[in-house]
Structures are given as C-alpha cells and as structure tokens.
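Student: I need the structure of the sequence given here:
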Amino acid sequence: MNGDALALFPELLLPESDSLSKGILPVQRLEELVRNGNIRATTPISDDQIQPSSIDLRLGKIGYRVSASFLPTQFSTVQQKLQEMVVEEVDLTGSALLRKGSVYIVPLQEELFLPDFISGRANPKSSTGRLDIFTRLITDYAARFEDVRAGYKGKLYAEIAPLTFDVIVREGSKLNQLRLSRGAPRSSDTMLKEMRETESIVFSPDASPIAPMIAEGLQLSIDLEGTESSDIIGYRALHNTAPIDLANIGYYDPKEFWEPIRRNARKTIVLEAGEFYILASKQKVSI
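Tutor: As a prediction, this is how the structure comes out:
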C-alpha cells in the first residue's frame, strides 16, 4: 500500500491501540514509515541513515546562499521565500565550499507524508555541533525552526550557517537528524527521575555514583581541574584554518584547528565572545 493511501487511512499503518501510543518512534517504526512511503527521498534511504530513534537527513543537489536567515511563516513555502532571499546558487553534486559567516538553505533529499497523529523534531548531528555549524530544519508554512507539525506533507530544508570553520559539503552529506513522535512524549525530567529510581545515571570523576541535578534536563558542570596526567581542560578553535571536508572522517590533525586550554591555579576560565570552545563535563553520565 502506498503512502497516499496510508495518509487517508493512517490506522492501517500505526493503530491508535498500539502499546506504543505515545512517545518518540523507535527504529522499527521508522523503518515502517520508510517502507510505506510516509518518509520518502529522491534517492533510496539507506539502512545506515536510520538510528535507534532518529533518521539522518541528506543534503540535495542544489543549495542557496541567502541574505539572511528566515522562516516562511504560515503564509508561504520555503521556495517562495527563497525567491526573495537568494544571493547565489550552490551546486552540491561535486564538492561545495560553505564559508563561515554566510547562511545557506539546502533542500533535503527526504520529504514527509505523515499521518495526522505523528509529528517531528529535528536537531543537528553531534559531529555538526562539534564543528560549530549552526544547522536548523525548516518546513513549508512553518512558524518555528526544527518543528515538523503533525500530519505534515511536504519537503524539508536545512538552514546551514558555518560559524567558525569554512566547510566542504556535497550532495548526500548528513548534518541533521529527525525524530518522529506519536502524541505528546513525557517530559525528559519525568523520564530521568523514573530512571534514577532503578539505576545510577551520574558519577563523579572517580566513577562513584552521585545524585543527579534534574531541572529541564540533566544539569552538568564543567571540569576546570583536569587530571593528574594532563592539565588540559579544553580546546579553543583556531582562526584562519583550512576548510574542513565533512567527508574526511578521522583525517585531520586536531592541532591544525584547535589550541589546548590549560588549567590555572584559580581553576577558572574566561570565555571570550565570538570564540568557540570544547570543554568536558566534570561528571560522567551513563544512560
């Protein structure tokens, strides 16, 4: 049965009486949505795109450098807004350089044809965040970034703004991911507190369990002490580096892009405006 029919009769896909009536959809549900055409793509969706509770999204063939970030709002599509905002078209079929300080909109290969009771929420992949690439999902007639309203049927777009490094991307690059949900999932605080009842989730540096700080998520502090074997407490991004090709995994020497930050006697750090840092948490976490 194709996606059009399932959109008319969504109960044939995921019955409301299913035991997983609310919450983020796991891998087997995402696979069902792909098989039934509710998640589609211009090229076949590969197995490695589907994670335990999310699906990686891929850049399409063409991107657009735009004059500013924007949302289409409820009155227009992304393509309609692009007509007002495009500065330059970028061909992604080969390697394309995205320059820091610029904003790009890229139509994604994936599009959605969701049942009325399924919505979505996107976020950057962790590798994207570590390179300080600001990435957000946009849908047609959207009033908010990253949100996919229940029953959405249409194309997906990524806003990409490299902030620290020039980066090289191409058709098929994966910068963000999408989680789909049925109903309203429980708050993360509720789930963390329930988990805390049965297992330890936060540990001190010596691996001893400690009480977690739960308030709008799990609260962690920054480690400004380092270890006996190393006084490095973090890294600050260098300026004027070579572009980073996102396809080259495990290829670059970190010293070409980062300078170490060493602990001081006061165990403090001053974070300067406009700089990009990577710092470690003092606590260890196990979920």
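
Student: can you map out the helices along the stretch 51-200 of the chain?
Tutor: Secondary structure of the stretch 51-200 of the chain by DSSP state H, counting those that start in this stretch: the helices cover 78-85, 126-130, 188-198.

Student: Pick the most buried one from the ones you listed.
Tutor: helix 78-85 (a mean of 15; mean count of other CB atoms under 10 Å). Where you see a C-beta, it was placed from the backbone N, CA and C, and this is true even at glycine.

Student: show me what contacts the residue minimising distance to the centre of the chain?
Tutor: By CA atoms, centre = their mean, the mean C-alpha position of the chain lies nearest to P124, the distance being 1.7 Å. Contact analysis of P124 by CB atoms under 8 Å, 6 or more residues apart in numbering lists 133-136, 175-177.

Student: one more time with 10 Å
Tutor: 130-131, 133-137, 146, 158, 160, 175-177 (CB atoms under 10 Å, 6 or more residues apart in numbering).

Student: now V27
Tutor: 50-55.

Student: As a markdown table, these with distance to E197 and neighbour count would be great.
Tutor: Below are the contacts of V27 laid out as a markdown table (distance: CB to CB, whole Å; neighbours: other CB atoms under 10 Å):
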| residue | distance to E197 | neighbour count |
| --- | --- | --- |
| I50 | 31 | 19 |
| Q51 | 27 | 14 |
| P52 | 23 | 9 |
| S53 | 22 | 16 |
| S54 | 26 | 23 |
| I55 | 31 | 25 |
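
Student: thinking again about what came up before, if you average pLDDT over each of the helices of the stretch 51-200 of the chain, which is lowest?
Tutor: Mean pLDDT values for the helices of the stretch 51-200 of the chain show the minimum at helix 188-198, a mean of 89.

Student: Contacts for it, please.
Tutor: Counting by CB under 10 Å, 6+ apart, 23, 185-187, 201-202, 211-212, 214-218, 287 sit against helix 188-198.

Student: rerun at 6 Å
Tutor: 201, 214, 217-218 (CB atoms under 6 Å, 6 or more residues apart in numbering).

Student: Equivalent analysis for stretch 262-280, please.
Tutor: Under CB under 6 Å, 6+ apart, the answer for stretch 262-280 is 132, 164, 222-226, 231-237.

Student: count of residues packed around G250?
Tutor: 4 (other CB atoms under 10 Å).

Student: For it, give me its contacts.
Tutor: G250 neighbours (CB under 6 Å, 6+ apart): none.

Student: Point me to the helix or strand that includes it.
Tutor: Assessed by DSSP states H and E, G250 sits outside every helix and strand.

Student: Look up how far S127 lies from it.
Tutor: With distances taken as CB to CB, to the nearest Å, G250 is found 11 Å from S127.

Student: what do the two both touch?
Tutor: If you check G250 and S127 against CB under 6 Å, 6+ apart, no residue is contacted by both.

Student: And for the nearest residue to R186 once chain neighbours are set aside, the neighbour number?
Tutor: Using CB to CB, 6 or more residues apart in numbering and skipping residues adjacent in sequence, the residue nearest R186 is G23, 7.2 Å away. By other CB under 10 Å, 14 other residues sit near G23.

Student: partner residues bridging G23?
Tutor: R182 (DSSP bridges).

Student: ok, E171 - contacts?
Tutor: Counted by CB under 6 Å, 6+ apart, E171 has contacts 59, 61, 92-93.

Student: Now which of the residues you listed would you call buried?
Tutor: Buried subset of the contacts of E171 (neighbour count, 16 or more other CB atoms under 10 Å): 59, 92.

Student: Name the nearest of the contacts of E171 relative to L30.
Tutor: Closest approach to L30 among the contacts of E171 (CB to CB): L59, at 19.7 Å.

Student: Run a quick check on D116 versus G151, I expect a contact.
Tutor: Yes. If you go by CB atoms under 6 Å, D116 and G151 touch, sitting 3.9 Å apart.

Student: Please say which of those two ends up with more neighbours.
Tutor: G151 (15 against 11).

Student: That one: what's it in contact with?
Tutor: Per CB under 6 Å, 6+ apart, neighbours of G151: 114, 116.

Student: and what of A161?
Tutor: 103, 134.

Student: Recalculate using a threshold of 8 Å.
Tutor: A161 neighbours (CB under 8 Å, 6+ apart): 69, 102-104, 133-135.
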